[in-house]
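>>> coords please:
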Amino acid sequence: MDGIAPIIIITVVLALIFDFINGANDAANSISTIVATRVLSPAKAVVWAAFFNFAALWIFQSTEVSKTMSKGVIDASVVDGDNYFIFCSLVGAIIWGWICTRFGLPISISHTLIGGLIGPALVKAGPDALLWFEPDHKGIGWIGIFILLAPIIGLFTAYTLQIITLWIFRRTRPGKVDGFFQVMQLVSSAAFSLGHGSNDAQKTAGIIILLLASAGHASIDAPPQWVFYACYTVIGLGTLIGGWKVVKTMGHNLTPLKPMGGFCAETAGAITLFGTAAMGIPASTTHTITGSIMGVGAAKRVSAVRWSVVTKIMWAWILTIPAAMIMSGLIYYIVSFFV
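Here you go, the predicted model:
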């Protein structure tokens, strides 16, 4: 990185720290069901999930999510020549992400990043800097729609899968069913981890690419490949460390799970994430798997879902973008007086 300003290097490192926190918080999304059903121990589950988070780099070649983050949330020209813009965005996102991880709230870490971008953009250029509905499903408007749709899609997909599998195996001995789905859950957990890697690692990559492009060190349309390798590696390491308080909330507190339910939830989540990644929409893995777990519980009976826990999680979702936006905007406003 010869010739690159120190603040750029510091911000790249900060982005990778954010990516690590993302992996640590979202470890719950990748392993909660497989741990809750006791198919794998937490230690083995995080290794399994971390491997497939990183493997997504080769399995999914699309980089549409990173393009959305780099030029589909705010007007990229607002960042040009401003080396502190992305730095403040990340600091605001990290603060809110750390608070929620500290208290075991399974928020969408990726949406803290979107809020982190919006805050400085509003301070610097006002509402005109925001992109709402752009072609190819880019823009804050599309992201907002899928904040609502992702858990609903996950819920109904998981509900449908659970009903179908219950009917198919209705005459099979329960012990045999559990044994079969313990094996199948390894496949569904791997699929969900691939979806997580293909979606969330690209969000951080998009921010780094925007930073480098604004300083004249890269092109948004032809980004350097080392950015993707770094982001996929770091998010895998974050998953390996894991966020154990969040694992408890997601894997045990929402609804009791058996291997069949775990398989249906993970498969529904993976289907949703594959679809949104292909469309370039930075959907929340947290929202998706939460909705999927709820769908499995609702297929048994509505009372099987612990709605008090769901309410707590939903408040964290609602507050995420505004909280990160306020934090990053305030930080940028203060920093602007000194640079």
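>>> can we go C-alpha only for contacts and neighbour counts from here?
OK.
>>> I'd like the next helix or strand past the helix or strand hosting Gly144.
Element membership of Gly144, judged by DSSP states H and E, is helix 140-168. Sequence order places helix 174-214 as the next helix or strand after helix 140-168, per DSSP H and E.
>>> the helix or strand just after that following helix vs helix 174-214, what angle?
Following helix 174-214 in sequence order, the next helix or strand is helix 225-241 (DSSP H and E). Calculated by axes from the mean of the first three to the mean of the last three Cα atoms, to 10 degrees, helix 225-241 forms an angle of 140 degrees with helix 174-214.
>>> using PDB, write down the CA coordinates of helix 225-241.
What follows is helix 225-241, C-alpha atoms only, in PDB (Å, rounded to 0.1, in the frame of the first residue of the first chain):
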ATOM      1  CA  GLN A 225      -9.300  -9.300  -5.600                       C
ATOM      2  CA  TRP A 226      -7.300  -9.100  -2.400                       C
ATOM      3  CA  VAL A 227     -10.200  -7.200  -0.800                       C
ATOM      4  CA  PHE A 228     -12.500 -10.300  -1.300                       C
ATOM      5  CA  TYR A 229      -9.900 -12.700   0.000                       C
ATOM      6  CA  ALA A 230      -9.300 -10.600   3.100                       C
ATOM      7  CA  CYS A 231     -13.000 -10.100   3.900                       C
ATOM      8  CA  TYR A 232     -13.900 -13.800   3.400                       C
ATOM      9  CA  THR A 233     -11.000 -14.900   5.600                       C
ATOM     10  CA  VAL A 234     -11.700 -12.400   8.400                       C
ATOM     11  CA  ILE A 235     -15.400 -13.200   8.500                       C
ATOM     12  CA  GLY A 236     -14.600 -16.900   8.800                       C
ATOM     13  CA  LEU A 237     -12.200 -16.100  11.700                       C
ATOM     14  CA  GLY A 238     -15.000 -14.100  13.400                       C
ATOM     15  CA  THR A 239     -17.400 -17.100  13.000                       C
ATOM     16  CA  LEU A 240     -14.700 -19.300  14.400                       C
ATOM     17  CA  ILE A 241     -14.500 -17.200  17.600                       C
END
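>>> buried sites along it?
For helix 225-241, burial by neighbour count (16 or more other Cα atoms under 10 Å) applies to 227-228, 230-241.
>>> could you identify the most distant pair in those residues?
Farthest pair in these (Cα to Cα) is Val227 and Ile241. Separation: 21.4 Å.
>>> contact partners for Val79?
Phe85, Ile86, Leu210, Leu211, Ser214 (Cα atoms under 8 Å, 6 or more residues apart in numbering).
>>> can we see that at 6 Å?
By Cα atoms under 6 Å, 6 or more residues apart in numbering, the contact set of Val79 is Ser214.
>>> can you count the residues close to the nearest residue to Val227 once chain neighbours are set aside?
Nearest residue to Val227, sequence neighbours excluded (Cα to Cα, 6 or more residues apart in numbering): Ala205, at 5.9 Å. By other Cα atoms under 10 Å, the residues close to Ala205 number 31.
>>> pLDDT value on Ala205, please?
Model confidence at Ala205, given as pLDDT, is 93.
>>> same question, the one 4 residues further on
Looking at Ile209, its pLDDT is 94.
>>> phi, psi for Gly72 please.
Per-residue torsions, Gly72: phi -120, psi 10 (degrees, to the nearest 10).
>>> ok, Ile74 next?
Backbone torsions for Ile74, taken as degrees, to the nearest 10, come to phi -130, psi 160.
>>> quick check: it touching Leu131?
Yes - Ile74 is within contact range of Leu131, at 5.2 Å (criterion: Cα atoms under 6 Å).
>>> residues near Leu131, how many?
Using other Cα under 10 Å: Leu131 sits among 19 other residues.
>>> was I right to think it contacts Lys138?
No - with contact defined as Cα under 6 Å, Leu131 does not count as touching Lys138 (8.1 Å).
>>> which strands and helices sit next to the helix holding Gly144?
When contacts are defined as 3 or more Cα pairs under 6 Å, 6 or more residues apart in numbering; DSSP states H and E, helix 140-168 packs onto helix 259-279, helix 285-300.
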